[in-house]
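J.: here are the coordinates; sequence isn't available:
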């Protein structure tokens with residue numbers, strides 16, 4: 001069964017497995033103790049730190065291991081903000097950061113601080129100038145991911161780091177998705193990552209803080225890991241994480257070239273095989289193993305189940321797979337279609353025939369979901385008579401209140417042909433995803449999105465028929 005979801009968690013690398021088993025026998029003692037077993041454990045911990053620091057591109061004494069990548073982000077942000085509290089309590093983040101960063105930002109706001117969320121373009125990429133414009137005299141910290149976890153877009157970290165350096169603001173980089181492929185270039189100040197993203201064991205993260213960066217660990221003091229990661233370290237997990245990071249780096253160049261070719265095949269052929277699909281993310285500046293696309297008129301959760309039954313494990317950032325029934329904050333910030341979203345992230349060693357098998361299965365899976373939801377076979381509206389053209393008064397209201405993604409857009413597609421060219425269709429919806437999906441539908445179907453207005457119980461989205 002092909003597993004295409006390494007952006008969530010990668011299978012344990014063989015080297016990680018070997019290192020984990022070996023260190024269970026050798027690395028069980030307390031590395032702070034002076035006896036033989038403690039010294040042996042300390043040697044393993046120091047070697048793992050040196051290997052990880054080499055991969056990150058920092059000094060060993062600048063890096064500590066944490067219980068997870070999320071914890072590294074939370075502690076890194078909190079420590080940097082506390083270390084620069086005299087400067088101010090302003091944080092700059094991108095609108096597409098991992099939820100762990102956005103949760104830290106929300107906590108800062110709740111405590112009286114301020115946050116600027118820098119917008120992205122439709123590929124999910126920030127503009128370095130936008131970060132520069134967001135920096136203020138009271139900015140304590142800026143944060144930017146190296147590559148997006150949902151769409152794979154690589155961010156201009158080096159350029160943003162230079163803007164931050166010129167303003168005297170430290171930059172924290174979330175490198176969880178990219179560190180297995182190579183070091184993060186540029187003058188970053190803090191960096192975090194998570195071992196289970198590159199084939200290490202879950203429960204190991206890392207936090208690097210450059211010398212000279214003001215940093216004040218939060219919480220009760222602890223003598224371990226420079227006070228930045230309290231508690232007894234998971235030494236076998238740390239050893240396995242460092243060993244697997246070194247191993248995947250040795251394979252990265254060749255594997256990246258091979259996977260990039262397979263991903264390009266998916267990016268090209270999915271729109272050819274499946275009608276009404278939007279491939280999202282930067283087509284060039286992207287991770288080599290990840291591609292994301294959204295399918296119009298599709299319930300994302302149902303599609304994922306259909307692909308799972310067919311033997312393919314993929315994931316989604318769409319509203320239809322979230323218990324909150326809200327669209328992915330990444331897709332929302334990009335302003336792209338959110339319904340029927342599929343993220344394919346290929347593990348090392350993915351075979352060409354597995355990708356071809358996925359492309360063979362996908363069209364039927366999408367068609368079956370659309371048929372189940374009652375999508376009309378021909379969603380393009382027929383041309384109206386010439387006498388009906390112009391910006392007429394005709395308007396049709398579709399009440400989709402209480403109906404979830406993708407039903408509001410399906411109802412819109414069903415009735416657009418019932419109004420003359422120039423006529424209006426207004427969809428009433430209380431589904432947050434409609435704010436993205438109705439304008440996206442208009443762009444994909446050649447219709448004019450007029451705008452939205454609040455109504456009792458939801459929002460009215462108005463579309464003008466063009467043809």
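T.: On my side now, so go ahead. Keep in mind it's a predicted model, so treat the numbers as computed, not measured.

J.: now the terminal residues of stretch 423-437, how far apart.
T.: 20 Å (Cα to Cα, to the nearest Å).

J.: rounded mean pLDDT for that stretch, please.
T.: Averaging pLDDT along stretch 423-437 gives 91.

J.: ok, which stretches of the stretch 151-300 of the chain are strands?
T.: 171-174, 190-194, 205-209, 277-280, 290-295 (DSSP state E, counting those that start in this stretch).

J.: for the first one, give the mean pLDDT please.
T.: Confidence over strand 171-174 (mean pLDDT, whole number) is 98.

J.: list of residues touching that strand?
T.: 69, 73, 76-77, 80, 97-98, 100-101, 141-146, 157, 160-161, 164-165, 184, 187-193 (Cβ atoms under 8 Å, 6 or more residues apart in numbering). In short, each C-beta sits where N, CA and C put it, glycine included.

J.: ok, which of the strands of the stretch 151-300 of the chain comes nearest residue 133?
T.: Shortest distance between residue 133 and the strands of the stretch 151-300 of the chain, using Cβ to Cβ, is found for strand 171-174: 15.2 Å.

J.: chain center to the closest one: distance?
T.: For strand 171-174, the gap between its own C-alpha mean and the chain's C-alpha mean amounts to 15 Å (Cα atoms, centre = their mean, to the nearest Å).

J.: nearest to residue 350 among the strands of the stretch 151-300 of the chain would be which one?
T.: That would be, of those and by Cβ to Cβ, strand 290-295, which comes in at 11.8 Å.

J.: sheet partners, orientation included, of the closest one?
T.: Note on strand 290-295: by DSSP bridges, its sheet partners are strand 277-280 (antiparallel), strand 341-345 (antiparallel).

J.: picking that back up, reformat the strands of the stretch 151-300 of the chain as JSON lines; add distance to residue 448 and mean neighbour count.
T.: Shown next, in JSON lines, are the strands of the stretch 151-300 of the chain (distance: least, Cβ to Cβ, whole Å; neighbours: other Cβ atoms under 10 Å):
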{"stretch": "strand 171-174", "distance to residue 448": "39", "mean neighbour count": "29"}
{"stretch": "strand 190-194", "distance to residue 448": "44", "mean neighbour count": "29"}
{"stretch": "strand 205-209", "distance to residue 448": "48", "mean neighbour count": "28"}
{"stretch": "strand 277-280", "distance to residue 448": "18", "mean neighbour count": "21"}
{"stretch": "strand 290-295", "distance to residue 448": "21", "mean neighbour count": "26"}
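
J.: part of a strand, is residue 452?
T.: Yes: counting by DSSP: H, G, I helix; E, B strand; the rest coil, residue 452 is found in a strand.

J.: and it, what does it touch?
T.: 435, 438, 459, 460, 461, 462.

J.: can you get me a residue count around residue 268?
T.: 12 (other Cβ atoms under 10 Å).

J.: wait, I meant residue 334
T.: 26.

J.: how far away is the residue nearest to residue 407 when sequence neighbours are not counted from residue 171?
T.: Of all residues not flanking residue 407 in the chain, residue 400 sits nearest, at 6.1 Å (Cβ to Cβ, 6 or more residues apart in numbering). Distance, residue 400 to residue 171, by Cβ to Cβ, to the nearest Å: 43 Å.

J.: got it, and residue 59?
T.: Residue 59 is 18 Å from residue 171, by Cβ to Cβ.

J.: quick check: mean pLDDT of the longest helix along the chain?
T.: Criterion DSSP state H: the longest helix present in the chain is helix 235-273. Mean per-residue pLDDT for helix 235-273: 96.

J.: then stretch 276-290?
T.: So the average pLDDT for stretch 276-290 ends up being 95.

J.: end to end, how far does it reach?
T.: End to end - Cα to Cα - stretch 276-290 spans 20 Å.

J.: gap between it and the chain center?
T.: With Cα atoms, centre = their mean, you get 12 Å for stretch 276-290.

J.: ok, the spatially most central residue of the chain - contacts?
T.: In the chain, the centroid-proximal residue (Cα atoms, centre = their mean) is residue 149; its distance is 2.6 Å. Taking Cβ under 8 Å, 6+ apart, we find residue 149 in contact with 7, 98, 176, 177, 330.
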